[in-house]
Each structure stands twice: as structure tokens, then as C-alpha cells.
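**Student:** test case, fold it:
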Amino acid sequence: MTNVAEKKKTEKIALIGFRGVGKSTLAGHMGRELSLQPVSLDEYIESREKCSIAEMVQAHGWNHFRDLELKYLRELSEKDESTLLDTGGGVLEGHDKTLSQEKKEILEKYFFSIYVYMDDEKILERLEKAERSAHRPVLGGEESIRQILTRRKPWYIESADLSVDISSMSPPDAARKILDALKKVRAYA
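**Tutor:** Okay, the predicted model is just below:
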């Protein structure tokens, strides 16, 4: 018999990884296959706070946003429903170790976390185009992005139940690769 935490983990999936790897797009493809409605953590926060993340960060700073991210990650983890969550790239970030650790523990306890990644150059190429969007706060130039990537990679790897390289793949092919890998390690159909 499965304990409650393990049962919840089998009903909740979280896609983690750096900004620009396509987690939201992949969640859409995977959601159809798994019969799960994808939930974007960033969009969930924006809807609850009634403003964009860029506006939140500009008005209150990253620390405030990371606190909200924890609040709403906790809220989503406590819902008694299956979830396919696409997280923001900084979901494991915090302004202190306690905040980062608490987010990591929520993901570990309630979600089957899949680290979706691609080579750094592809991410940089994608972000160069996306940084022009006012929807998300700017991460900075190439050097800043490389530093953030280097800092976050170990967190993603450590927090992941499964890691999948989707470099140079179309979204449908990447989603299929993730689903195939997921089926091998969990009883998802």
C-alpha cells in the first residue's frame, strides 16, 4: 500500500528547468497525452496577484516574488487534484537557504519532478529572442545568464526524479521523449 505522500507524488508532475527550454509548451503537449490540465506556476501567481511577474519584480524585487512563489507552490501542492505543473526557471531559488530548501522539499514530497534541459548555447539563443518580451523580468546579458545557469544546474539535478535532454528537438518530439522516459520509471500511461 502506498503512503499519502507517495500517492500525491504519483498524481502530480512538475517540469523544472531553466527559462527558455519550453516547459510551458511541453506541458501543453504532455497534458493532452496524460489527460492532465497543465498549470503554469508563473501564470498562477500572476492571476492570484493580478499583475505580471515583471511588474511584481520591478515594484517589490525578486525576494518578494520568491516568497510568493513559495506561497503558491505550497498552495498547489496542497490541492487534492492531479497536476502537471510547469515551474518558473527560478523555482528553486530563494533569498535565503531556508526558502530554497522549503521549495525543494515541497517538490520532492508532492511532485514527480522532471528536469528538462538543453545545451547552454541553445538556451542563450532562445533567451536572446525572449528577453525582448516585457512579460518576464530581464535576466541580464549573456555573462549573467551563464552565471545563473551554472548556479541553478546542480539544484535542478539534485531535485529531479528524472532528467531529460531535449536539445535540438521539436516540442512534440521532446514531449514524446519525456513521456517515454516517464513511462519507464513510473506507472504513467
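
**Student:** hey, let's count contacts and neighbours off CA atoms from now on
**Tutor:** Noted.

**Student:** where do the helices of the chain begin and end?
**Tutor:** Secondary structure of the chain (DSSP state H): helices at 4-11, 23-34, 41-49, 53-60, 62-78, 97-110, 120-130, 142-159, 171-185.

**Student:** now render those helices as TSV, adding distance to G89 and mean pLDDT.
**Tutor:** Listed next are the helices of the chain as TSV, based on distance: least, CA to CA, whole Å; pLDDT from 0 to 100:
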stretch	distance to G89	mean pLDDT
helix 4-11	21	50
helix 23-34	9	93
helix 41-49	10	97
helix 53-60	13	92
helix 62-78	11	95
helix 97-110	13	92
helix 120-130	12	79
helix 142-159	9	89
helix 171-185	18	92
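
**Student:** can you list these in TSV and add mean neighbour count?
**Tutor:** Shown next, in TSV, are these (neighbours: other CA atoms under 10 Å):
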stretch	mean neighbour count
helix 4-11	16
helix 23-34	19
helix 41-49	16
helix 53-60	15
helix 62-78	17
helix 97-110	17
helix 120-130	15
helix 142-159	15
helix 171-185	16
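
**Student:** out of these, nearest to G17?
**Tutor:** Evaluated over the helices of the chain, closeness to G17 peaks at helix 142-159, with 6.5 Å, by CA to CA.

**Student:** just the local confidence number for the residue nearest to the spatial centre of the chain, please.
**Tutor:** For the chain, T87 is the residue whose C-alpha lies nearest the centre (CA atoms, centre = their mean; 2.4 Å). We note a pLDDT of 96 for T87 in this prediction.

**Student:** neighbours of the spatially closest residue to Q101 that is not a sequence neighbour, just the number please.
**Tutor:** Using CA to CA, 6 or more residues apart in numbering and skipping the chain neighbours, the partner closest in space to Q101 is L92 (7.8 Å). L92 has 25 neighbours, counted by other CA atoms under 10 Å.

**Student:** cool, the one 3 residues further on as well?
**Tutor:** Applying the criterion other CA under 10 Å, we find 13 residues in the vicinity of H95.

**Student:** tell me the contacts of it?
**Tutor:** Counting by CA atoms under 8 Å, 6 or more residues apart in numbering, H95 makes contact with N63, R66.

**Student:** apply 10 Å and report the result again.
**Tutor:** By CA atoms under 10 Å, 6 or more residues apart in numbering, H95 lies in contact with W62, N63, H64, F65, R66, D67.

**Student:** okay, it and Q37: tell me how far apart.
**Tutor:** Distance from H95 to Q37, counting by CA to CA, to the nearest Å: 31 Å.

**Student:** could you do H64 as well?
**Tutor:** Applying CA to CA, the value for H64 to Q37 is 28 Å.
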